[in-house]
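Enquirer: Predicted model and sequence below, questions to follow.
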Amino acid sequence: MNDALPHHIRLGLAAVALISLTLTFARAADPPPRETTPRLEELKAEHRQILDKLNERDGRGTVMELDDPGIPSLVKKGWDLAGAWAAEYLEIHPRPSASELKVIFEDFAPKPKGSKSKYGDFLEYTDYSFKGSAVRVGPSTYLVEASYGVDFRTATFIVVARNNDGHYQALWNIKDLAEKHYVQFDEIGRWMHLVRRAYYNGPLAIEKVLRVFPAANGHARFLVDAYQGADGGTTLAQLSIWEWDGAEARPLLVDIY
């Protein structure tokens with residue numbers, strides 16, 4: 001820098017150079033845009049329609065309750081779209097990291113929007129929203145969890161793996177198995193419920209899913225820790241461990257605590 005320049009001008013030029021350098025590094029650190037496909041865009045648009053229908057207001061300006069007759073078909077369609085989204089995502093990201101799987105649905109649905117409650121330091125929600133993530137549980141095998149809700153959430157978990165053609169596909173959903181168990185009123189049947197009060201306190205929502213040690217024959221195994229959203233009562237939790245045999249998930253343990 002020219003020493004003949006006045007001191008205050010030299011300081012100004014140095015500041016400009018520093019700001020320029022900082023912005024250059026900031027731009028370089030920006031994450032690259034997430035890769036997409038026409039199929040992903042189509043699924044996102046279809047899912048937006050599901051959310052719009054879930055959030056239609058009645059004459060009082062409120063959305064449907066979970067036990068409304070219109071809810072099951074909407075969330076079932078939404079879960080189908082989520083499984084298809086995860087499969088398509090894995091097609092273009094064959095080796096995703098754990099952090100990428102955690103936000104696999106980042107572009108699938110907008111984040112829940114809450115407003116500060118007048119009753120305390122917490123957020124209140126008035127619209128249905130979608131939440132979900134995925135965990136790798138075996139070679140080319142992923143467990144996807146997804147839920148809908150306002151105050152209370154109703155969830156499912158789906159196995160996405162390679163099909164016979166070598167492409168990723170949603171191959172199994174707990175809801176299909178739960179429907180067969182519903183008449184038995186057993187623990188697997190709890191996953192059938194969408195209403196606030198099921199066998200006990202409400203639909204199952206997922207706290208976490210974990211990969212566990214594979215079986216001796218190499219089959220992938222996973223754990224699902226879930227809970228029932230309580231309507232002012234004691235929250236009931238359920239722990240289950242499953243083994244994926246390539247065609248379906250078989251329960252090894254399903255119990256409440």
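Expert: Good, I have the coordinates.
Enquirer: where does the most centrally placed residue in the chain fall, phi/psi-wise?
Expert: The chain has G132 as the residue nearest its centroid, 0.2 Å off, counting by CA atoms, centre = their mean. With angles defined as degrees, to the nearest 10, G132 sits at phi -170, psi 160.
Enquirer: what's the closest non-adjacent residue to it?
Expert: A146 (3.7 Å; CB to CB, 6 or more residues apart in numbering). C-beta here means a position set from N, CA and C on the backbone, and glycine is covered the same way.
Enquirer: Now do the contacts for the one you found.
Expert: Taking CB atoms under 8 Å, 6 or more residues apart in numbering, we find A146 in contact with 78-79, 82, 105, 130-132, 155-158.
Enquirer: likewise P110?
Expert: 51, 129.
Enquirer: Please report the distance of it from G70.
Expert: Using CB to CB, to the nearest Å, one obtains 21 Å as the distance from P110 to G70.
Enquirer: just S133 next, same as before
Expert: S133 is 27 Å from G70, by CB to CB.
Enquirer: between those two, who's got more neighbours?
Expert: Counted by other CB atoms under 10 Å, S133 and G70 do not tie: S133 has more neighbours, with 19 against 10.
Enquirer: what sits against the more buried one?
Expert: Contacts of S133 (CB under 8 Å, 6+ apart): 101-105, 144-145.
Enquirer: Mind checking which of those residues are buried?
Expert: 101, 104-105, 144-145 (16 or more other CB atoms under 10 Å).
Enquirer: Now do the same for the residue nearest to G132: helix, strand or coil?
Expert: Three-state call for A146 (DSSP: H, G, I helix; E, B strand; the rest coil): strand.
Enquirer: Burial check on the closest residue to F222 other than its chain neighbours, number of neighbours?
Expert: In this structure, F222 finds its nearest non-sequential neighbour in V137, 4.3 Å apart by CB to CB, 6+ apart. Using other CB under 10 Å, V137 has 22 other residues around it.
Enquirer: Could you grab the helix/strand/coil label for V137?
Expert: The local conformation at V137, judged by three-state DSSP, is strand.
Enquirer: Kindly state the pLDDT recorded for it?
Expert: The model reports V137 with a pLDDT of 97.
Enquirer: just E65 next, same as before
Expert: So E65 comes in at 87 (pLDDT).
Enquirer: In the regular element (helix or strand) spanning V75, which residues are buried?
Expert: V75 belongs to helix 71-92 when assigned by DSSP states H and E. For helix 71-92, the neighbour count (16+ other CB under 10 Å) marks 71-72, 74-75, 78-90 as buried.
Enquirer: Give the full set of residues in contact with K44.
Expert: K44 sits next to 85, 107-109 when contact means CB under 8 Å, 6+ apart.
Enquirer: quick check, it in a strand?
Expert: No. Under three-state DSSP, K44 sits outside any strand and is assigned helix.
Enquirer: Quickly note the distance from it to S129.
Expert: 15 Å.
Enquirer: E106 now?
Expert: Distance from E106 to S129, by CB to CB: 13 Å.
Enquirer: neighbour-wise, which of those two wins?
Expert: S129 (19 against 13).
Enquirer: What are the neighbouring residues in contact with the more buried one?
Expert: Neighbour list for S129: 51, 109-113, 148-150 [criterion: CB under 8 Å, 6+ apart].
Enquirer: hmm, which of these are the buried ones?
Expert: Using 16+ other CB under 10 Å, the buried ones in the contacts of S129 are 51, 109, 148-150.
Enquirer: follow-up on the earlier one: list the beta-bridge partners for the residue nearest to G132.
Expert: Note on A146: beta-bridge partners by DSSP bridges are G132, T156.
Enquirer: Which pLDDT value belongs to it?
Expert: 97.
Enquirer: One more: Q184?
Expert: pLDDT, read off for Q184, is 85.
Enquirer: phi, psi of it?
Expert: phi -90, psi -10.
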